[in-house]
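> Okay, sequence plus prediction incoming.
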Amino acid sequence: MKQVQNDSQSICLIEVKCTKYLNFFVKSLGIGALTEGELMLVLDGKAVSDSVRESLIPRIQGFFTNRGRAPHLTVVVVGDDKASHVYVRNKKIACEKIGMESTIHALPLTSTQKQLTQLLEKLNADDSVDAILVQFPLPAHLSSDEVLKTVSPEKDADGLTFSSLGYFYAGKPIVSPCTPAGVMTILKHYDLAIAGLNAVVVGRSNIVGKPMANLLTDANATVTLCHSRTKNLSDITRAADLVVVAAGKPLLLGREDFKQGAIVIDVGMHGSGLGGKLCGDVRFDELEGWAKAATPVPGGVGPMTITTLLQNTCLLAEKRAGLQPS
Ligand code: GUN
C-alpha cells in the first residue's frame, strides 16, 4: 500500500532518520550516548569469535614450530544423542579450520563406566593429547561426576572438572568454563565496563550460572544469582545494570523485565521459538530502543563457547609444553 504523507509527517520521518544516523555517528565516535530511544548496541558474538579464532592461528603455528605438531583436542562422546554428535562434529570442524588437531572418540551406548574411565585415564597419560572434553549429557547409566573426577585438570578443556573448578573458584584458574568465559570476552571486546555494576545472573548451573557469577564478581560487579526458586525474579532483573540469562526457558524475559539502559546477555539456545525459529531465553525483538546492549540468538554467546574451547586447548597445550602463552 502506498502511503500519502503530509508535510508534518515527512518532517517527523526525517527527524526520526536523522536521530538514528546521529545516534550511529555518536556511537561510532564513542563520545557518549543519546538516551531517549537510543539505538541498542547489538553484541555480535560471531564477529568477536572470528577475531579471537584469527588471533589463535599464530599461536598454533608457534606451537607447531616448537613441538612439531599442532595442539590436540580429544572429544569423547557416548551414545547416539543426535544433538551431541552435531556439537562434537562442530568442535572438530572448528579445530581443523584454525589448524588444530582433534580426535573424536565415539563410544557405544552400551559402554560401561569402567570403560569410560579407562579411556579417560589413557588420554590423561597420552603425551600427544593436550586437552580432553567429554560431551554432556551422558547416557543415564553413566555418572558425569566420575568423569569430572577423572579428567586431569591439566587437560580439562572445559574447565569443569572438580579440580579445575577448585582452582577457578580460588581465583587461580587453569582455564575457565567456556560459556561464561566467552561472555566475558564479548563484554571486554565491546569495552563494556563491569566494575561497580549491579549484575544479575539467572540460572545456577555448574556449566554456566555459577561460574558466570564468579567471573563477574572477579570483575568487581555486585552479583545476584537467581534461579527457579527465586521470588519476584522480574523485580530483581529490573534493578540490574547487567543481566546474564541462562535459565533454559525459551523467551522467558522481555523488555519489561529489564531496566532502561541495561546490558542483556542471552545464553539460551532453543529450536522452539515463535514459528519454530531459533531463539534464546530473552525476547530480543523487544529490546531495541530500551537496552543499552544485547546479544542476539543466534550469533551472540553461542559462537563464543566453541571459540573459548579452542582458546583453552591452545592454553593447555602451551602450558604443558612449557611455552609462554602469548
Ligand atoms: N553440553 C552442553 N554444554 C556443554 C559444555 O559446555 N561442555 C560439555 N562437555 N558438554 C556440554
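On my side now, so go ahead.

> Need the three-state assignment for the one residue in the stretch 51-200 of the chain that gets nearest to the ligand.
Scanning the stretch 51-200 of the chain for the residue nearest the ligand gives Phe136, at 3.7 Å (criterion: C-beta to the nearest ligand atom). Where C-beta positions appear, they are placed from N, C-alpha and C, glycine not excepted. Put simply, Phe136 is coil when judged by DSSP: H, G, I helix; E, B strand; the rest coil.

> quick one, phi psi at Val267?
phi -90, psi -10 (degrees, to the nearest 10).

> what's the burial count for it?
Residues near Val267, counting by other C-beta atoms under 10 Å, number 30.

> swap in Asn66?
12.

> and what of the one 4 residues further on?
Around Ala70 there are 21 other residues, counting by other C-beta under 10 Å.

> Wait, a helix at it?
No. Going by three-state DSSP, the assignment for Ala70 is coil, not a helix.

> What residues of stretch 269-280 count as buried?
Residues of stretch 269-280 classed as buried: Met269, Gly273, Leu278, Cys279, Gly280 (neighbour count, 16 or more other C-beta atoms under 10 Å).

> Once you drop chain neighbours, what's closest to the residue of the stretch 51-200 of the chain closest to the ligand?
Ser144 (6.0 Å; C-beta to C-beta, 6 or more residues apart in numbering).

> how close does the one you found sit to Leu310?
According to C-beta to C-beta, to the nearest Å, Ser144 and Leu310 sit 23 Å apart.

> can you list the domains in this protein?
Residue ranges for the domains of the chain, per automatic domain parsing: 68-175, 178-303.

> show me what contacts Leu233?
Each residue near Leu233 by C-beta atoms under 8 Å, 6 or more residues apart in numbering is listed here: Val202, Cys226, Asp257.

> The residue lying closest to the second one once chain neighbours are set aside pairs with what?
Using C-beta to C-beta, 6+ apart and skipping the chain neighbours, the partner closest in space to Cys226 is Val202 (4.8 Å). On the basis of DSSP bridges, Val202 takes part in beta bridges with Cys226, Val245.

> The residue nearest the centre of the chain and Gly275, how far apart?
Nearest to the mean C-alpha position of the chain, by C-alpha atoms, centre = their mean, lies Thr179 at 3.2 Å. Separation of Thr179 from Gly275 (C-beta to C-beta): 26 Å.

> Next: Glu38.
29 Å.

> got it, and Asp158?
Per C-beta to C-beta, Asp158 is found 33 Å from Gly275.

> Next: Thr150.
From Thr150 to Gly275 the distance is 43 Å (C-beta to C-beta).

> Let me see the contact set for Glu286.
Listed by C-beta under 8 Å, 6+ apart, the contact set of Glu286 reads Gly254, Arg255.

> Can you pull the phi/psi pair for it?
Note on Glu286: its backbone torsions stand at phi -90, psi -10 [degrees, to the nearest 10].

> Check Ala47 and give its pLDDT.
Per-residue confidence (pLDDT) for Ala47: 98.

> Can you tell me the number of residues neighbouring it?
For Ala47, using other C-beta under 10 Å, the count is 14.

> Equivalent analysis for Gly300, please.
29.

> ok, back up a step: from the buried residues of stretch 269-280, which two are the most distant?
Met269 and Gly273 (10.1 Å; C-beta to C-beta).

> Could you pick out the residues of the stretch 101-250 of the chain near the ligand for me?
Leu133, Val134, Gln135, Phe136, Asp158, Cys178, Thr179, Ile207 (C-beta under 6 Å from any ligand atom).

> Hmm, Gly182 and the last one touching each other?
No. Assessed by C-beta atoms under 8 Å, Ile207 is found out of contact with Gly182, at 11.9 Å.

> more crowded one of the two?
Gly182 (27 against 19).

> Name the nearest residue to that one, sequence neighbours excluded.
Sequence neighbours aside, Met304 is the residue nearest to Gly182 in space, at 3.0 Å (criterion: C-beta to C-beta, 6+ apart).

> In terms of helices and strands, where is that neighbour?
Assigned by DSSP states H and E, Met304 belongs to helix 301-320.

> Check which residues of that helix are buried.
301-318, 320.

> quick one: Glu54 from Asn214, how far?
If you measure Glu54 against Asn214 using C-beta to C-beta, the figure is 28 Å.

> Those two - which one has more neighbours?
Ranked by neighbour count (other C-beta under 10 Å), Glu54 and Asn214 place Asn214 first, with 21 against 10.

> Please report phi then psi for the nearest residue to that one once chain neighbours are set aside.
Using C-beta to C-beta, 6+ apart and skipping the chain neighbours, the partner closest in space to Asn214 is Tyr169 (6.0 Å). Main-chain torsions, Tyr169, degrees, to the nearest 10: phi -70, psi -20.

> Now do the same for Tyr169: its pLDDT.
For Tyr169, pLDDT reads 98.
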